[in-house]
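**Student:** Show me the folded form of this:
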Amino acid sequence: MKKEKQNINIPWDDFLVAAVCTENAKDLTHSLYRYPASMSPHIARAVILALTKRGDTIIDPFCGGGTTLIESLGLGRKVIGNDISPLAYFISKAKATPLNEKELNILRGWYKSMCNKLANKSKYRLVPHKLINGERVALKTHSVLIYIRNEALKVKNNNVRNFALLIVLNIAQKCFDNRLHKPTPAYLINSFIRLGKYAIDVIDEYSMLLKINFNKYSKSVLQVKQMDSAKITVKTKLTKKATLILTSPPYPGVHILYNKWQLYGRRETYLPYELLNINSKHKESYFTLGSRKNKNDEYFIKLENIFTSLKKLINNDAYVVQVISFNKSCEQLRKFRETMIKAGYKEISPPTSTESYLTRKVPNRKWYNARRKGPDSSSEYIFIHQIKNRRKTQ
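**Tutor:** Predicted coordinates for the structure are as follows:
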């Protein structure tokens, strides 16, 4: 494929440094929930700093765990996030929404009250957790978890209630979605005491940063939506068009549990949906732009429609940056590039590369269906596009 002429405004060396960084992001609110196949915050930060300026608007049509949202706000940019998954919508909004001082005091009061109640070792009514196969696991631990969840639901302030529920999701994930610790009541309670305090300190610092970044924080600074990405242009109104789309779309042909956890690292559970009282009946294809069993034709058709529509929300000089992985890169890479051309975009190439994209190795990542030899199971591709045949600006 013909390389696009080098754009001198893009600091490719900075992107390469960010791409090889393997450290977990511990700042802002990234660590408050581990979302599957999340975009690297190091890459997001490098892209936002290079391709936007303070006050610009950024769009992420597949916001997942909220990486783009959090980094955008942390760097003083406005942001619009969207995801079709109700779980992703909740997590992104809870992690990215700052709390004012009144809300922080309510959160601290709730946390202190919960620590006192849990220290009394009260007896909680057993609420069995049923897996897909009907087995019941860790009855007492699950009962304590449901008790904490129910107490979080009693919080009247919406932002505080959402953050309290985020803490519940975080401790539940640490307790149930791992192979190292058995989900005992003591482990769950200790996780709540430790991680709850940490989460409050994190949101306090994050909220203070956003207060500095925005003279007057308003709902226009952060917009989070839950809908099909193809509809985002219909239901989004902008006073000024966005200058960047930064996103990580679903990976074609890759089996990722966006809507479930793995109990003991093996069996699948809808526990996060149960904790939030939201619908969990959608099939995997609902979250991934199509089934991984249909050779991805449906996936690329939907992707083309989404990015064709997104052109209405961005200015002519805007960049589109995507971080994506493939199950079969030899075939899907070609289809992906053809899809973006059909949608009306052109690739922007690194000046010293023979390819028009960057790649990075993701440590400790191995997809369930990638048992073949080769780089597909552990590589991500970073693409940069602009609108094709865009009008020149002065």
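**Student:** Tally up the residues packed near residue 186, please.
**Tutor:** 12 (other C-beta atoms under 10 Å). Placement of C-beta: from N, CA and C, glycine included.
**Student:** if you average pLDDT over the helix or strand hosting it, what comes out?
**Tutor:** Under the criterion of DSSP states H and E, residue 186 resides in helix 185-213. Averaged across helix 185-213, pLDDT comes to 95.
**Student:** Could you do stretch 273-284 as well?
**Tutor:** Mean predicted confidence for stretch 273-284 is 81.
**Student:** Same question for stretch 70-81.
**Tutor:** Rounded mean pLDDT across stretch 70-81 is 97.
**Student:** mind exporting it as PDB, just the C-alpha atoms?
**Tutor:** In PDB, the C-alpha atoms belonging to stretch 70-81 read as follows (Å, rounded to 0.1, in the frame of the first residue of the first chain):
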ATOM      1  CA  ILE A  70      -9.400   9.700  31.800                       C
ATOM      2  CA  GLU A  71      -6.200  10.800  30.000                       C
ATOM      3  CA  SER A  72      -8.100  13.500  28.000                       C
ATOM      4  CA  LEU A  73      -9.500  15.100  31.200                       C
ATOM      5  CA  GLY A  74      -6.200  14.700  33.000                       C
ATOM      6  CA  LEU A  75      -4.600  16.700  30.200                       C
ATOM      7  CA  GLY A  76      -7.200  19.400  30.000                       C
ATOM      8  CA  ARG A  77      -9.200  18.200  27.000                       C
ATOM      9  CA  LYS A  78     -12.900  17.700  26.600                       C
ATOM     10  CA  VAL A  79     -14.000  14.200  25.700                       C
ATOM     11  CA  ILE A  80     -16.900  12.200  24.500                       C
ATOM     12  CA  GLY A  81     -17.000   8.500  25.200                       C
END
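**Student:** Between the two ends of stretch 34-54, how far is it?
**Tutor:** 28 Å (C-alpha to C-alpha, to the nearest Å).
**Student:** distance between it and the chain's centre?
**Tutor:** Taking C-alpha atoms, centre = their mean, to the nearest Å, one finds stretch 34-54 lying 11 Å from the centre of the chain it belongs to.
**Student:** Likewise for stretch 240-257?
**Tutor:** Distance, centroid of stretch 240-257 to centroid of chain: 9 Å (C-alpha atoms, centre = their mean).
**Student:** quick one: buried residues of it?
**Tutor:** 241-254, 256 (16 or more other C-beta atoms under 10 Å).
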